[in-house]
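A.B. asks: Pasting a predicted model and its sequence here:
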Amino acid sequence: MIIYAPNIHTGGGMVLLQALIDAWPSDEQCIAFIDDRIRGKVDLPAVWAVQYCSPSIIGRLKAERALKKLSGQNETVFCFHNLPPVLQVRGKIICYLHNLNLIGLVPSSHLSGWIKFRILMERSIAYLFRKRIDLYLVQTPTMRRALRTWYKGDISPRIEIAPFIDPDHLSASSPGLSAKQWDFIYVSDGTAHKNHKRLFAAWKLLAEEGLRPSLAVTLPARDDALVAHMKAIKAEHNLDIVNLGHVEHGAILDNYHKAGALIFASYAESFGIPLLEAKTAELPIIAAELDFVRDVCEPSQTFDPFSERSIARAVKRHLALPTDIVNPLAPSDFIKFLRNV
């Protein structure tokens, strides 16, 4: 087998790659193309013949040429980087699709700058060479439906639902008597579909009602523009929001026990690992009323992720606070209202 995993170096993709590394049989050899940015940071199996891929256009082209040369008629090529090979390779091609951006679940108008350019290029590669894939593996029924819609053509691709995660990844230390530090925690980076700005706008609406629930977020340093936005709206409206920055996995799991609930503002996910983590930690989940959420958990409250008011109302329901529900008048009372208005 050849594992082809360039550009997998962070986030959920890295969590899953680490799970494969840890579970790999000690007697099963393979060739592995690994992103150079994790060189020296991960202990790779001794039975892997590793080729590191530079995260540049030239580096990726070199990796593609090496993949073409090493592939064989009876070989299985496992494309873990979400894309088909750019160059024609021999053997059975399996693509593990766990990036929803590549099949258009996040509109391009929600992206910007270099990220938008890169995603549009990758979408083109994914679509132009999609028929090279013999088998797609996805994590949820929602992703399978989206992939079928995106694929088009007369022939539907073979798609199997095959989620996996290391059970130890979901295991946190015992909550013990840990005091709650925050009402809510949102574990996520700051990519556009994670919806932080609308979440912060919901906190602003709550503050306008005199409500200031505490919220912890985990925005890394690379999301400096979003962090600056958070600080500005926090200062202007005296919001109780703290950014924990990048948090290592073990500490994230412990932090779940310091929060009253997970609030998950994202409007598109291929899997949603924090939902699984929170479910394992028996933490209440407030999330979007979308299929990908209910693929993996039963949230305690849901909202429209495109409405900050809907998010604010879900927060109030979770906190058992009254919401602004309209109570219609009886016709006779309405007539009295008209007389006195």
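C.D. replies: Ah, there it is.
A.B. asks: drop to CA atoms for contacts and neighbour counts, all remaining ones
C.D. replies: Noted.
A.B. asks: contacting residues for Cys30?
C.D. replies: 1-3, 47-49 (Cα atoms under 8 Å, 6 or more residues apart in numbering).
A.B. asks: who wins for neighbours among those residues?
C.D. replies: Highest neighbour count within the contacts of Cys30: Ile2, with 22 neighbours (other Cα atoms under 10 Å).
A.B. asks: For Asn74, state which of the contacts of Cys30 is nearest.
C.D. replies: Distance to Asn74, by Cα to Cα, is smallest for Met1 among these, at 9.3 Å.
A.B. asks: in the protein, which segments are predicted with low confidence?
C.D. replies: Scanning the chain for pLDDT under 70 picks out the ranges 154, 171-178.
A.B. asks: Domain map for it?
C.D. replies: According to automatic domain parsing, the chain comprises the domains 2-164, 172-318.
A.B. asks: any idea how far the lengthiest helix in the chain is from the chain center?
C.D. replies: Ranked by number of residues, the top helix in the chain under DSSP state H is helix 113-128. Offset of helix 113-128 from its chain centre (Cα atoms, centre = their mean, to the nearest Å): 18 Å.
A.B. asks: Which positions within that helix qualify as buried?
C.D. replies: 119-120, 122-123, 125-127 (16 or more other Cα atoms under 10 Å).
A.B. asks: quick one on the thing from earlier: make a markdown table from the contacts of Cys30 and add distance to Leu205 and secondary structure to it.
C.D. replies: Shown next, in a markdown table, are the contacts of Cys30 (distance: Cα to Cα, whole Å; DSSP: H, G, I helix; E, B strand; the rest coil):
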| residue | distance to Leu205 | secondary structure |
| --- | --- | --- |
| Met1 | 53 | coil |
| Ile2 | 51 | strand |
| Ile3 | 48 | strand |
| Val47 | 55 | coil |
| Trp48 | 53 | strand |
| Ala49 | 55 | strand |
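A.B. asks: re earlier: with distance to Thr149 as extra columns, can I get the buried residues of helix 113-128 in a markdown table?
C.D. replies: Output for the buried residues of helix 113-128, formatted as a markdown table (distance: Cα to Cα, whole Å):
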| residue | distance to Thr149 |
| --- | --- |
| Ile119 | 19 |
| Leu120 | 18 |
| Glu122 | 18 |
| Arg123 | 14 |
| Ile125 | 17 |
| Ala126 | 14 |
| Tyr127 | 12 |
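A.B. asks: re the thing from before, what's the longest helix of the chain in contact with?
C.D. replies: By Cα under 8 Å, 6+ apart, helix 113-128 touches 82-84, 86, 101-104, 108, 151.
A.B. asks: Return the member of those residues nearest to Leu319.
C.D. replies: Once Cα to Cα is applied, the member of the contacts of helix 113-128 that ends up nearest Leu319 is Asn101, at 33.6 Å.
A.B. asks: Okay, strands next: where are they in the stretch 101-250 of the chain?
C.D. replies: Assigned by DSSP state E, counting those that start in this stretch, the stretch 101-250 of the chain shows strands spanning 135-138, 159-161, 182-186, 215-217, 241-243.
A.B. asks: For His229, find the nearest of those.
C.D. replies: Comparing the strands of the stretch 101-250 of the chain under Cα to Cα, the one sitting nearest is strand 241-243, at 11.8 Å.
A.B. asks: Who are the packing partners of that closest one?
C.D. replies: Using 3 or more Cα pairs under 8 Å, 6 or more residues apart in numbering; DSSP states H and E, the elements in contact with strand 241-243 are strand 215-217.
A.B. asks: coming back round to it: among the buried residues of helix 113-128, which pair sits farthest apart?
C.D. replies: Pairwise distances among those were taken by Cα to Cα; the largest, 12.1 Å, belongs to Ile119 and Tyr127.
A.B. asks: which residues of the chain fall in helices?
C.D. replies: Under DSSP H, the chain gives helices at 11-23, 57-70, 113-128, 141-151, 196-208, 224-237, 249-256, 273-280, 291-296, 308-318, 331-340.
A.B. asks: Now do the fifth one: which elements does it pack against?
C.D. replies: Helix 196-208 is packed against helix 224-237, helix 308-318, with contacts defined by 3+ Cα pairs under 8 Å, 6+ apart.
A.B. asks: Just checking the distance from the longest one to the centre of its chain.
C.D. replies: The offset between the C-alpha centroid of helix 224-237 and the centroid of the whole chain comes to 22 Å, using Cα atoms, centre = their mean.
A.B. asks: quick check: angle from that helix to helix 196-208?
C.D. replies: Here helix 224-237 points in a direction 10 degrees away from that of helix 196-208 (axes from the mean of the first three to the mean of the last three Cα atoms, to 10 degrees).
A.B. asks: now swap in the shortest one and tell me
C.D. replies: Calculated by the same axes, to 10 degrees, helix 308-318 forms an angle of 60 degrees with helix 196-208.
A.B. asks: re earlier: turn the strands of the stretch 101-250 of the chain into a markdown table, columns for mean neighbour count.
C.D. replies: As requested, these are exported to a markdown table (neighbours: other Cα atoms under 10 Å):
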| stretch | mean neighbour count |
| --- | --- |
| strand 135-138 | 21 |
| strand 159-161 | 16 |
| strand 182-186 | 23 |
| strand 215-217 | 22 |
| strand 241-243 | 18 |
